[in-house]
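K.L.:
I need the structure of the sequence given here:
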Amino acid sequence: MEAEMLKRLYYQMLRIRVIEEKIADLYPEQKMRCPVHLCIGQEAIAVGVCANLSGSDYILSGHRSHGHYLAKGGNLKAMMAELYGKVTGSSQGKGGSMHLVDLSAGFLGAAPIVGSTIPIAVGVALGSVMRNDERVTVIFFGEAATEEGVFYETINFAVLKELPVIFVCENNLYSVYSPLSVRQPDGREIFRLVKGHGVESYQSDGNDVIEVCKLAEQAVRKARRGDGPTFLEFKTYRWREHCGPYYDNDLGYRTESEFQEWKRRCPIEMLKERLLGDGILCNQDINSMTRELKAEMNDAVMFAEESLFPEERLLMEHVYAP
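P.N.:
Numbering: from 1, shown residues only. Here you go, the predicted model:
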């Protein structure tokens, strides 16, 4: 992989990390009155996949969507304004963190109901085929969504119609506080289950952005050729609590040793070590990037705080299609 591409991947992951850590710092002020689901620790998947998409391609997401939105080119100021409930937000302040949307970036939306955007994404892909527009659609979801019946109905339809859609499963091992061991039979791998439905399926390290990028590139090329869907399962780990800005290891649903093991596999630090070792970046470059990103985030927060709340007359706008 070329040096410039590696630097872009690192920058985009670092950007998401800086932004979400700032959200975590500010959230206790209670100016953001919506729930937030942070993807700290999972940045490589959003960045690696979206690096292969064009601006006109589509993605959809679930409740943990900040990274997907930003990696696809979503507007940071609009995202922060949405978290603050302001009219300048991506959903006019009416949706909050879990209902981001930016049509200009091809981000068709996120929704918190587990698995709910999966059939929508396949419908979007069907629409692209009917319009013959050659767009690729990507749907991001957690492993718990594969326990919903609609997932398998949708997979079946996508295979049947050979749709240009990529299913990206971010397997962070937990559904809220429930590990895989209490939800699925021991030894069963999700990607193998999906493969049984006739879908080309892969499982890989979701903390290795280079590996994510390569698999996504292969899937995007296949979809663009009109050769049907691909399922990509990436093993990863969220650092923060399921919902909120804090750490919740004290609850006992996961061990401190497990958490520390995954933290040592930080996707940003792993790529950083490679870039430093290969002489592609130096510490001064990284410090400069960090300062730049913190300044960008501070500007976005200021924009959000200074923006107005939506007027009451906007309450029913965009609820129904015209």
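K.L.:
Next up, identify which helix or strand the residue nearest the centre of the chain is on.
P.N.:
Most central in the chain under Cα atoms, centre = their mean is H68, positioned 3.3 Å from the mean C-alpha point. Assessed by DSSP states H and E, H68 sits inside helix 66-71.
K.L.:
helices and strands around that helix, which ones?
P.N.:
Applying 3 or more Cβ pairs under 8 Å, 6 or more residues apart in numbering; DSSP states H and E, we find helix 66-71 packed against helix 3-26, helix 43-50, strand 58-61, helix 76-83, strand 107-110. C-beta: built from backbone N, CA, C; applies to glycine.
K.L.:
Which one, of those, ends up nearest to R224?
P.N.:
Checking these against R224 by Cβ to Cβ gives strand 58-61 as the closest, at 12.8 Å.
K.L.:
avg pLDDT for the helix holding H68?
P.N.:
Mean pLDDT, computed over helix 66-71, is 98.
K.L.:
that older thread, would you tell me which one of the helices and strands packed on helix 66-71 is buried the most?
P.N.:
Most buried of those by mean neighbour count (mean count of other Cβ atoms under 10 Å) is helix 43-50; its value is a mean of 29.
K.L.:
report the angle between the axes of it and helix 3-26?
P.N.:
For helix 43-50 against helix 3-26, the angle by axes from the mean of the first three to the mean of the last three Cα atoms, to 10 degrees is 130 degrees.
K.L.:
my guess is N283 contacts L275, does it?
P.N.:
No. N283 is beyond contact range of L275, at 10.5 Å (criterion: Cβ atoms under 8 Å).
K.L.:
Compare these two (neighbour count), which wins?
P.N.:
L275 (19 against 9; other Cβ atoms under 10 Å).
K.L.:
in the helix or strand the more buried one falls within, what's buried?
P.N.:
In this assignment (DSSP H and E), L275 forms part of helix 267-277. Neighbour counts over helix 267-277 (16 or more other Cβ atoms under 10 Å) mark 267-268, 270-272, 275 as buried.
K.L.:
so what's the residue nearest to V101 when sequence neighbours are not counted up against?
P.N.:
Spatial nearest neighbour of V101, excluding adjacent residues (Cβ to Cβ, 6 or more residues apart in numbering): G109 at 4.3 Å. Going by Cβ atoms under 8 Å, 6 or more residues apart in numbering, G109 touches 60-61, 99-101, 117, 120.
K.L.:
For G48, list the residues it contacts.
P.N.:
9, 209-213, 216.
K.L.:
And the residue lying closest to Y237 once chain neighbours are set aside, what's its pLDDT?
P.N.:
Leaving aside its chain neighbours, Y237 sits nearest to W262 (3.8 Å; criterion: Cβ to Cβ, 6+ apart). The score at W262 is 97. That number is its pLDDT.
K.L.:
would W262 count as being in a helix?
P.N.:
Yes. The assignment for W262 (DSSP: H, G, I helix; E, B strand; the rest coil) places it in a helix.
K.L.:
Burial check on it, number of neighbours?
P.N.:
W262 is flanked by 19 other residues according to other Cβ under 10 Å.
K.L.:
what's near enough to touch it?
P.N.:
For W262, the contacting residues are 41, 207, 237, 239, by Cβ under 8 Å, 6+ apart.
K.L.:
let's see it at 10 Å
P.N.:
By Cβ atoms under 10 Å, 6 or more residues apart in numbering, W262 lies in contact with 41, 172-173, 207, 235-239, 254.
K.L.:
Farthest pair within the contacts of G109?
P.N.:
Farthest apart among these by Cβ to Cβ are L100 and I120. That separation is 14.4 Å.
K.L.:
Quickly note the distance from the closest residue to S175 other than its chain neighbours to L173.
P.N.:
Excluding the flanking residues, the one nearest S175 by Cβ to Cβ, 6+ apart is A144, at 3.7 Å. For A144, the distance to L173 equals 10 Å [Cβ to Cβ, to the nearest Å].
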